[in-house]
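S.K.: Quick one, what's the 3D model for this:
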Amino acid sequence: MNILIVGSGAREHAIARALHNSPKLKTLYCLASNNNPGLRNLCFDMQVTDINNNETILQYARENDIYLAIIGPENPLASGVSDVLAESGIRVVGQPRNILKLSHRNHLQEIYYLNIKYQYALNIVCSTQ
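M.R.: The predicted structure follows:
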């Protein structure tokens, strides 16, 4: 199974390490905004590119027969990369653009409705106010 990780921070490094240590057969790929040597060592291929460019990510995913994409940073999610990949038949871990746009003040009921409609995990909004 080919897995694409988008992002190059500590969160993506931790995800890559957990996947790398899994006994399941997989090949890790990464599209990153900067070079992370630790992440590079865990991946079969890592490219430093504009991770906010949906077409670049989609093309890379198609070229490498990606089965699952994990989107870490918020900016690619806000640009709609999870929607573009999902519409192309690639499984995605990352919120779709319309759910990401919901403000923290929206009601949990509205978030719950959108999660059922789009079959994503239920989000829980917490506040210290």
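S.K.: give me the number of residues near Thr27?
M.R.: Per other C-beta atoms under 10 Å, the neighbour tally for Thr27 reads 15. (Each C-beta comes from the backbone N, C-alpha and C, glycine too.)
S.K.: Please apply the same query to Glu74.
M.R.: Burial of Glu74 is recorded as 12 neighbouring residues (other C-beta under 10 Å).
S.K.: what are the ranges of the helices in the protein?
M.R.: 10-21, 37-42, 54-63, 74-78, 81-87, 97-100, 108-118 (DSSP state H).
S.K.: Break this structure down into its domains, please.
M.R.: According to automatic domain parsing, the chain is divided into the following domains: 2-94, 96-129.
S.K.: The first one - what's its average pLDDT?
M.R.: Along domain 2-94, the predicted local confidence has a mean pLDDT of 94.
S.K.: Residues in a beta bridge with the residue positioned nearest the centre of the chain, which ones?
M.R.: Nearest to the mean C-alpha position of the chain, by C-alpha atoms, centre = their mean, lies Ile71 at 1.3 Å. Note on Ile71: beta-bridge partners by DSSP bridges are Val6.
S.K.: Tell me who's in contact with it.
M.R.: For Ile71, the contact set (C-beta atoms under 8 Å, 6 or more residues apart in numbering) comprises Val6, Gly7, Leu77, Val81, Ser82, Val92, Val93, Gly94.
S.K.: Comparing the domains of the chain, which comes out most buried?
M.R.: Highest mean neighbour count among those (mean count of other C-beta atoms under 10 Å): domain 2-94, with a mean of 17.
S.K.: and it, how far apart are its ends?
M.R.: 17 Å (C-alpha to C-alpha, to the nearest Å).
S.K.: Then stretch 40-55?
M.R.: This stretch, stretch 40-55, spans 22 Å end to end (C-alpha to C-alpha).
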